[in-house]
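In: Give me a model of this one.
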Amino acid sequence: MEYIETLYDDLSVVNQKEKIDIKLPTKIIQLDFSLLVSFLQFISTWLRKENSGNLYLPLENDDSYESYLNQEFVYPVVVLCWEKSILDDNNNNLKSSLKKLSQRYYNKMEYLELKSHESIPIYCFDHDLSKRGFSRFLYELNKTVVSEDALDFNLYPVFEKIGNHFNRELFKKSIRPVIEDFAKITHELFLNTHEHARTDVNGFNLYPNIRSVYFKFHKRTLKNYRRDYQNNKGLLEYFDSDLPLNDKSELYLFEISVFDSGPGLVKRFERLNSLKNLKLDEEVEIIKKCLFKHNTSSVGINKENKGLGLNRVLETIDNKGFLRIKTGRVDVFRDLRNKRHTDAKLPTDILLFDWNNNSIEFTKHKEVEGTLISIIYPLGL
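Out: All right, here's what the predicted structure looks like:
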């Protein structure tokens, strides 16, 4: 995760007159909590810059194309960057070779035939003129978001596949009892992307634009979690909160991450084209307003009801989950295990902590596109 932050630093120091090319890695060894969506947010931020250049893939011959594209971080980047030049190391254009392969990947994703069983991504590309803008898991045929009950039904095979990959008892005892919660969280977060992240603050369609949902099962011993996240004090405290372990001292966690490359929470809520006149603490306070029960940026007769979504997510994961939000120049979290949810009387009463230092002294990050919301939900509580 720290490496992605260094990429933002590199992106910010390049002269605006110089083209910035991106070369994807050969592979990502371990997709830790929130890492895939963090990577997609970086790519989206690069892509929206006027001086973004070519996308390079580390490919040498035709035989390697499909296996490389099948890595779950590659496909969304290729589709997102389709209007760019997509080249190999020898500057050969790869689009003609990748077109059918990317369509095949999409079909496998939509019918749960991808090789990865620990994680399942669902991508919607608003700029894609084919059906790839509207996943069958998330949308009705008339391109409206499915109801919460329908999503519960649609996602059942997703969670079943992840659980049964390890053993049926895992699905039966740990995942099936909380599918309703998972569907509730997913519906609230994805509905927000549908309502607020398909256009800019002036109502113009964003091109290109991605909105995604990512489910991942994490299994490690508590000792290994502590080792792997030793630089994140917030997560370390969460792991020390008496979470349920199996007889091998393993902790099962389920990640739900929703990402969009829209305007971001703060710009959308305040209808701002720029953050430059906002102080960092003001940004954090606006994020708190987004989490407040009766606030919303929606317009219409049912305005108040539309503001309940993010607060409802906090209620659902109370005493269980961990929430991260990265948007604008802010990266914050809330540990709902150690800092329980209560209905705040004012937005300022809502507790948020800095992802970097686990305090209310917030770090100013390089500005990012869109909104990343990642949740950890422990299995077995």
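
In: so where's the stretch 201-350 of the chain shaky on pLDDT?
Out: For the stretch 201-350 of the chain, the stretches with pLDDT under 70 are 294-309.

In: Strands of that one, residue ranges please.
Out: For the stretch 201-350 of the chain, the strands defined by DSSP state E, counting those that start in this stretch occupy 210-221, 250-260, 322-328, 330-335.

In: residue farthest from the centroid of this protein?
Out: residue 90 (32.5 Å; C-alpha atoms, centre = their mean).

In: So that residue: helix, strand or coil?
Out: coil (DSSP: H, G, I helix; E, B strand; the rest coil).

In: From the opening residue of stretch 228-239 to its closing one, how far?
Out: 11 Å (C-alpha to C-alpha, to the nearest Å).

In: Same list, the strands of the stretch 201-350 of the chain, but as CSV with distance to residue 283 and mean neighbour count please.
Out: Backbone N, C-alpha and C define where each C-beta goes, glycine included. Formatted as CSV, these follow (distance: least, C-beta to C-beta, whole Å; neighbours: other C-beta atoms under 10 Å):
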stretch, distance to residue 283, mean neighbour count
strand 210-221, 22, 22
strand 250-260, 18, 23
strand 322-328, 6, 24
strand 330-335, 5, 22
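
In: Adding distance to residue 237, write those out as TSV.
Out: Converted to TSV, the strands of the stretch 201-350 of the chain look like this (distance: least, C-beta to C-beta, whole Å):
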stretch	distance to residue 237
strand 210-221	17
strand 250-260	14
strand 322-328	10
strand 330-335	6
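
In: of all these, which lies closest to residue 176?
Out: strand 250-260 (12.0 Å; C-beta to C-beta).

In: Can you give the strand pairings for the closest one, parallel or anti for each?
Out: Note on strand 250-260: by DSSP bridges, its sheet partners are strand 210-221 (antiparallel), strand 368-378 (antiparallel).

In: would you say residue 187 is within a helix?
Out: Yes. The assignment for residue 187 by three-state DSSP puts it in a helix.

In: And it, how close does it get to residue 313?
Out: Separation of residue 187 from residue 313 (C-beta to C-beta, to the nearest Å): 10 Å.

In: Between those two, which has more neighbouring residues?
Out: residue 313 (27 against 23; other C-beta atoms under 10 Å).

In: Let me see the contact set for the more buried one.
Out: Applying C-beta atoms under 8 Å, 6 or more residues apart in numbering to residue 313 gives the contacts 184-185, 188-189, 323, 375.

In: Just the buried ones from those?
Out: 184-185, 188-189, 323, 375 (16 or more other C-beta atoms under 10 Å).

In: what's the closest of the residues you listed to residue 363?
Out: Using C-beta to C-beta, residue 323 comes nearest to residue 363 of these, at 17.4 Å.

In: Quick check, the closest one in contact with residue 311.
Out: No. In this structure, residue 323 is not within contact of residue 311 by C-beta atoms under 8 Å, at 11.7 Å.

In: can you give me the helices for the chain?
Out: Ranges of helices in the chain, per DSSP state H, are 2-13, 35-47, 65-69, 74-80, 95-110, 148-166, 168-170, 179-196, 222-228, 233-239, 265-270, 280-291, 303-306, 309-317.

In: of all those helices, which lies closest to residue 206?
Out: Nearest of the helices of the chain (C-beta to C-beta): helix 35-47, 9.8 Å.

In: which residues are contacting that closest one?
Out: 1, 4, 7-8, 11, 20, 22, 28, 52, 72-73, 76-77, 80-81, 84, 119, 121, 208, 210, 212, 214, 216, 257-259, 261, 326, 367-370, 372, 374.

In: Now list the buried members of the residues you listed.
Out: For those, buried by 16+ other C-beta under 10 Å: 7-8, 11, 22, 52, 72-73, 76-77, 80-81, 84, 119, 121, 208, 210, 212, 214, 216, 257-259, 261, 326, 367-370, 372, 374.

In: contacting residues around residue 262?
Out: 193, 196-200, 206, 209, 211, 268, 369-371.

In: same thing but at 10 Å, please
Out: By C-beta atoms under 10 Å, 6 or more residues apart in numbering, the contact set of residue 262 is 44, 126, 192-193, 195-201, 206, 209-211, 268, 327, 369-371.
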